[in-house]
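> kindly generate the corresponding structure for this input.
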Amino acid sequence: MKQALTFLIVIFFGSFLLFYGCAPKVIQPEQASTPTSKSKIQSEDDRAREAAIMEEELAKKQERERLLQEAMKSSLFQDILFDYDSYIIKTDDFPKLNDITNWLKKHKDIKIVVEGHCDERGTIEYNLALGQKRAEAVKDYLGRFGIEEKRIKTISYGKEIPVDPGHTEEAWAKNRRAHFRIE
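Predicted coordinates for the structure are as follows:
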């Protein structure tokens, strides 16, 4: 009988522990952080600031595009012509280069590419080297008058991109040039 009583007590306490001792815990859902009126105001202010910045950047970009189109349509960026087999800038072209220098000083965020070109006479290698010297001569001139070197890239096309495809001295004279392109 003692064993039966012990058995009943064990079963009673076991059942009690099973049902009540291991009862599932109630998990409280995390409270979603509800935006306060202060954070709503900050978000609206942030959005307004971002919109204003975007508008300002768009206006700057449009103004820059307008300036670039105006500069390219004007006679400001005229080709610099060279004599046969030469990369020496003619004194007649100094005023053109001075105008370009002054314009670049006013528009400090503008970068340019100076392309060197040659006429069809000579080998490909020779004309590429001569075209590079012509572009570098123009870059050096602009640099001497205050334009930062990092704002001017140079490239040579040699005789590959003639402005006049003719085979006359007149056509060749047009092709021996430094051409400007705004980056």
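> every contact and neighbour count from this point should use C-alpha atoms.
Fine.
> tell me which helix or strand of this structure sits lowest on mean pLDDT?
Least confident helix or strand of the chain, by mean pLDDT, DSSP states H and E, is helix 2-16 with a mean of 54.
> mind listing the helices for the chain?
Ranges of helices in the chain, per DSSP state H, are 2-16, 37-73, 94-106, 124-144, 169-175.
> would you single out the least confident of the ones you listed?
Sorting the helices of the chain by mean pLDDT places helix 2-16 lowest, at a mean of 54.
> now do the same contact list for N98.
L142 (Cα atoms under 8 Å, 6 or more residues apart in numbering).
> V163 versus that one, what's the distance?
24 Å (Cα to Cα, to the nearest Å).
> I'd like to know how many residues surround the spatially closest residue to G166 that is not a sequence neighbour.
Leaving aside its sequence neighbours, G166 sits nearest to W172 (Cα to Cα, 6 or more residues apart in numbering; 7.5 Å). W172: 22 surrounding residues under other Cα atoms under 10 Å.
> which residues sit in contact with W172?
C118, D119, E120, D164, G166.
> just the buried members of those?
Neighbour counting with 16 or more other Cα atoms under 10 Å marks C118, D119, E120 as buried within the contacts of W172.
> now flag whichever of those is closest to G131.
Comparing the buried ones among the contacts of W172 against G131 with Cα to Cα places C118 closest, at 5.9 Å.
> correct me, but the closest one touches P165?
No. Assessed by Cα atoms under 8 Å, C118 is found out of contact with P165, at 11.8 Å.
> could you measure from E149 over to D164?
30 Å.
> ok so, going back, got the contacts of W172 as a markdown table, with distance to F82 and pLDDT columns?
A markdown table is the format used below for the contacts of W172 (distance: Cα to Cα, whole Å; pLDDT from 0 to 100):
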| residue | distance to F82 | pLDDT |
| --- | --- | --- |
| C118 | 9 | 97 |
| D119 | 10 | 96 |
| E120 | 14 | 95 |
| D164 | 15 | 96 |
| G166 | 17 | 95 |
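> which one among these gets closest to T91?
Using Cα to Cα, the contacts of W172 come closest to T91 at C118, 19.5 Å.
> for the closest one, give me its contacts.
For C118, the contact set (Cα under 8 Å, 6+ apart) comprises N127, L128, L130, G131, Y157, G158, K159, P162, W172, N175, R176, R177.
> 7 Å - rerun?
Shown in contact with C118 (Cα atoms under 7 Å, 6 or more residues apart in numbering): N127, G131, G158, K159, N175, R176, R177.
> one more: R176?
By Cα under 7 Å, 6+ apart, the neighbours of R176 are L81, F82, H117, C118, D119.
> nearest spatial neighbour of it, chain-adjacent residues omitted?
Closest residue in space to R176, ignoring its immediate chain neighbours: C118 at 4.3 Å, by Cα to Cα, 6+ apart.
> and the contacts of C118, which is closest to E57?
Closest to E57, out of all of those and judged by Cα to Cα, is R177, at 36.1 Å.
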